[in-house]
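**Q** Following is a predicted model, sequence given first.
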Amino acid sequence: MTTPLWMTGDPAADELLDTDPFALLIGMLLDQQYPMEHAFAGPSKITGRLGTFDPAVIAAQEPEAFAALCTTTPAVHRYPGSMAARIQAVARVVVDEYDGDVTRLWAGDGSGPAPAAREVLRRLKALPGFGDQKARIFLALLAKQRDVAPEGWRDVVGPYGEEGSRRSIADVTDATSLAEVRATKQAAKAAAKAAKA
């Protein structure tokens, strides 16, 4: 049994993430060079302007018009134009390769067993804008907060799978844990900077 997601602090934005797996995936896409809670609020902003968050509708939008929608204040990201293109690219993959159902990335198409964690990770990494780290964090988020725990997921996600850790959005459940994750990230950046000096 999953508990309601807490990602943004905005009940409406969090409810969308809680009920729409594609919105959650796009929130993860946007979680780059932008505060986590604002990144995950992006899908709610798009839904408010477009009237839906259906991947087929998003994929079919005229690119300049969709970029303008994402750029409208408040923008969906610090770099709304480039992120608009990535959002549409991910939506096209979901439509073309997963029949418009994002859950097929991790649940399969129902014709056989669900894919193991390594295959889910491979599929995530194949998405536009998803590198290795982002894919591992998203898989950890699915396992820790969505009851999607493919075989071998802890081995595949590494430190992001540790119980009680505060490493990523996968560990955010309220404002306190968000602050703890942010502190962990800042400490890691400071350590990396010190190592370079």
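**A** Arrived safely.
**Q** can we go C-alpha only for contacts and neighbour counts from here?
**A** Will do.
**Q** So what touches the helix or strand bottoming out on mean pLDDT in the chain?
**A** Counting by mean pLDDT, DSSP states H and E, the weakest-scoring helix or strand in the chain turns out to be helix 175-196, with a mean of 86. For helix 175-196, the surrounding residues in contact (CA atoms under 8 Å, 6 or more residues apart in numbering) are 9, 166, 167, 168, 169, 171, 172.
**Q** got the buried residues for that helix?
**A** Buried residues in helix 175-196, counted by 16 or more other CA atoms under 10 Å: 177, 178, 180, 181, 182, 184.
**Q** returning to that earlier point: which one among the contacts of helix 175-196 gets closest to residue 92?
**A** Closest approach to residue 92 among those (CA to CA): residue 169, at 24.9 Å.
**Q** Determine the number of other residues adjacent to residue 68.
**A** When neighbours are counted by other CA atoms under 10 Å, residue 68 registers 14.
**Q** before we move on, what about residue 64?
**A** Count around residue 64 with other CA under 10 Å applied: 12.
**Q** Run through the chain and note the low-pLDDT ranges.
**A** Along the chain, segments meeting pLDDT under 70 span 1.
**Q** Next up, the contacts around residue 49.
**A** Applying CA under 8 Å, 6+ apart, the residues near residue 49 are residue 69.
**Q** Report the central residue of this structure.
**A** By CA atoms, centre = their mean, the chain has its centre lying nearest to residue 28, at 1.9 Å.
**Q** Quick check, that one in contact with residue 131.
**A** No - Residue 28 is beyond contact range of residue 131, at 11.3 Å (criterion: CA atoms under 8 Å).
**Q** residue contacts, the residue nearest to the centre of the chain?
**A** Residue 28 touches 39, 40, 134, 138, counting by CA under 8 Å, 6+ apart.
**Q** what's the answer for residue 106, then?
**A** Residue 106 sits next to 114, 115, 120, 148, 150 when contact means CA under 8 Å, 6+ apart.
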